[in-house]
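Enquirer: the sequence and its predicted three-dimensional model are supplied below.
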Amino acid sequence: MTGSTGTQLRIATDAPGLQVYNGAFLPDTPGALPGGQSLRPFHAMALEPQYWPDAPHHGHFPQITLEPGRIWQQSTEYRITQTP
């Protein structure tokens, strides 16, 4: 999806889910950011590809159990582009 400014974010991952945090619980902190800008609720967000946190309780979800001696890896690429 492309925003009104032409900025586009693409996320490529091998994770089956995406956790979205909208910043609702960020503190209202005047002057906390560089340049004296304020930090306020909803002023940031996080997009975190991951397996589904409640997977152990749902047999039809992709399972997240990691057995001893096994290696777990996840790959995620974030790509931001700007179009005129």
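Expert: Arrived safely, thanks for sending. Residues are numbered from 1 along each chain as shown.
Enquirer: list phi and psi for the spatially most central residue of the chain.
Expert: Closest residue to the average C-alpha location of the chain: L47 at 1.5 Å, with C-alpha atoms, centre = their mean. As for L47, its main-chain torsions (degrees, to the nearest 10) stand at phi -120, psi 110.
Enquirer: how close does it get to A15?
Expert: 11 Å (C-beta to C-beta, to the nearest Å). Bear in mind the C-beta positions are built from the backbone N, C-alpha and C, glycine included.
Enquirer: what of E48?
Expert: 9 Å.
Enquirer: more neighbours: those two, which one.
Expert: More crowded of E48 and A15, by other C-beta atoms under 10 Å: A15, with 16 against 13.
Enquirer: okay, and the beta partners of the closest residue to the more buried one other than its chain neighbours?
Expert: Closest residue to A15 apart from its sequence neighbours, by C-beta to C-beta, 6 or more residues apart in numbering: P49 at 3.8 Å. Beta bridges link P49 to L18 when assigned by DSSP bridges.
Enquirer: so P49 makes contact with Q74?
Expert: Yes - if you go by C-beta atoms under 8 Å, P49 and Q74 touch, sitting 7.1 Å apart.
Enquirer: what touches both of these two?
Expert: Here P49 and Q74 have 13, 15 as joint contacts, going by C-beta atoms under 8 Å, 6 or more residues apart in numbering.
Enquirer: those two: who's more crowded?
Expert: Ranked by neighbour count (other C-beta under 10 Å), P49 and Q74 place P49 first, with 18 against 10.
Enquirer: report the buried residues of stretch 5-23.
Expert: Residues of stretch 5-23 classed as buried by neighbour count (16 or more other C-beta atoms under 10 Å): 13, 15.
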